[in-house]
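Q: one predicted model, sequence on top.
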Amino acid sequence: MDSLKLKDEFIKLGQAIKAAGYVDSGVEAKLVILDGLVKVNGEVVLQRGKKLYENDVVTFENHLLKIEK
């Protein structure tokens, strides 16, 4: 499981998967999210602007990303 440290109170989903290196661009992040390929805490999320907070877990392909403070 990978982890991503928050710099602020939250990070948006699209920004998080890009920062983790799972996608190469914001456009690619938008596309994989809209295609239903990304889950947050086990549920498919179709909003790239979804706010992620401490302890949220993002699943994409074979990757798990935990948001940490």
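A: Noted; the coordinates are in hand.

Q: can you give me every residue that contacts residue 44?
A: The contact partners of residue 44, by CB atoms under 8 Å, 6 or more residues apart in numbering, come to 36, 38. Using the backbone N, CA and C atoms, a C-beta is placed for each residue, glycine as well.

Q: ok, it to residue 57 distance?
A: The spacing between residue 44 and residue 57, counted by CB to CB, to the nearest Å, is 13 Å.

Q: can you pull the buried residues of the longest strand along the chain?
A: With secondary structure taken from DSSP state E, the chain has its longest strand at strand 63-68. Within strand 63-68, the residues scored as buried using 16 or more other CB atoms under 10 Å are 65, 67.

Q: give me the mean pLDDT for it.
A: Averaging pLDDT along strand 63-68 yields 97.

Q: tell me the strands beside it, with direction?
A: strand 2-5 (parallel), strand 57-60 (antiparallel) (DSSP bridges).

Q: take these and lay them out in JSON lines including mean pLDDT.
A: Converted to JSON lines, the strands paired with strand 63-68 look like this (pLDDT from 0 to 100):
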{"stretch": "strand 2-5", "mean pLDDT": "97"}
{"stretch": "strand 57-60", "mean pLDDT": "98"}
